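S.K.: Quick one, what's the 3D model for this:
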Amino acid sequence: MDYAWQIPAVEEWLRRRGFTEIETPYAPPPKKTPHAAVSRTTAASRSATERRVLITTIPFGQVNRQPLDLLEAAGIEYVMNPLGRRLKEEELAELIGGFGVLIAGTEPITAKVMDAAPHLRLISRVGVGLDSVDLNAARTRGIHVTYTPDAPSPAVAELTVGMMLTLLRDISGADRNMRNGIWHRAMGRRLSELTVGVIGVGRIGKRVIRHLVGGFPGVQILGNDTVPDISFGQSCGLQWVDKETIYREADIVTLHLPLTAQTRNLITAHEIQIMKPTALLINTSRGNMIDERDLAAALRAGCLEGAAIDVFEHEPYSGELVTLERCLLTCHMGSMSQDCRYHMELEATEEVLRFLRNEALLRLVPDTEYVLSGFTS
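M.R.: Predicted coordinates for the structure are as follows:
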């Protein structure tokens, strides 16, 4: 364990595996069966193994135990993430062999992981991002994938607006100065006087825009999306433009996109050079959209006034951006409000119960996501 807060998850895992202070029920590891030799069973003929649930997302059941209570009431055996942190690919592959259902977080669920899980039939993703799931591999292996796209949106949108205000008024810098005995009143800017460019006007992007339009009269909104919602834009006074116009004209650029081949490395040194030197860049979507080295270089050179980043190429993050005061960093916590986290966990668990009861799944990942991921079958 790396942190004290991981202890409850480890204790829960040990308890459910039959470990006590005086007993350690070790058993020989199950034999691995090659993927090609295993056929996926139907819901009506699932074995006990195929009904077992592995919960890897962290935290789970801490805000509200109802998701765990639902599993227990249904007589479903579940095992919690024993490490209390985001699992690596090899760690998940080692754990997943004896389970038919995975309640997943952002850990890499690759073809290698699925090949180590011959009984796996459902991946129930807690959250909206799917870049960690090899959808192609899942579909070719007959594994269903569900997600909870709506539940995290309110929390991510509010964090985004909070980041804007923090950067504009240098709230975090003032806090650091005060703690170091420095009384300095920074001169900031108001949102109502600025132009905000929103790249990705979907569930979260729309919420950000509603917050801005409703709370900061006078703010100008530029929007970009592959499929513009014209009626929404008209209702908010939004101007649809191309990305280059946003880079050139916006005082704040905020990203609200899925990570795909098209959005990977969306912002590099080239795009930053187009932006105003007084611009602020915010990413609460996914890492890999912004080249972190290019961003650090731009901040050091004064090509950008500031940035706020919640998601990173490699997490936990410990790169160069931590050394830059004008870069506000948070630890992939966009969805971490009590209500949103609870709804994400509950919705993911409800999908598991529907699946095990052979009922229709309500939150299957749509075909459009498979297309974006490169699935062509």
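
S.K.: distance of Phe312 from Thr57?
M.R.: 18 Å (C-beta to C-beta, to the nearest Å). For glycine as for every other residue, the C-beta is placed from the backbone atoms N, C-alpha and C.

S.K.: Give me the more crowded residue out of the two.
M.R.: Thr57 (23 against 20; other C-beta atoms under 10 Å).

S.K.: Grab the nearest non-local neighbour of the more buried one.
M.R.: Leaving aside its chain neighbours, Thr57 sits nearest to Gly105 (3.1 Å; criterion: C-beta to C-beta, 6 or more residues apart in numbering).

S.K.: Contact partners for the one you found?
M.R.: Taking C-beta atoms under 8 Å, 6 or more residues apart in numbering, we find Gly105 in contact with 56-58, 86, 125-127.

S.K.: Out of the residues you listed, which is nearest to Cys327?
M.R.: Of all the contacts of Gly105, Cys327 sits closest to Arg86, with 22.1 Å by C-beta to C-beta.

S.K.: That closest one contacts Ile58, doesn't it?
M.R.: Yes. Contact criterion C-beta atoms under 8 Å: Arg86 and Ile58 qualify, at 6.8 Å.

S.K.: For the residue nearest to Thr57, give its distance to Glu77.
M.R.: Gly105 is 20 Å from Glu77, by C-beta to C-beta.

S.K.: next one: Val128
M.R.: 28 Å.

S.K.: quick one: what helix or strand has Ser124 in it?
M.R.: Ser124 is part of strand 122-125 when elements are defined by DSSP states H and E.

S.K.: and if you look at Leu281?
M.R.: strand 280-283.

S.K.: Let's check: the centremost residue of this structure is which one?
M.R.: Central residue of the chain (C-alpha atoms, centre = their mean): Gly129, 5.1 Å from the mean position.

S.K.: helix/strand/coil for it?
M.R.: Three-state call for Gly129 (DSSP: H, G, I helix; E, B strand; the rest coil): coil.

S.K.: Apart from its neighbours in sequence, what residue is nearest it?
M.R.: Once flanking residues are discounted, Gly129 sits nearest to Arg286: 5.7 Å by C-beta to C-beta, 6+ apart.

S.K.: Looks like that neighbour contacts Gly127 (just checking).
M.R.: No. Contact criterion C-beta under 8 Å: Arg286 and Gly127 do not qualify, at 10.8 Å.
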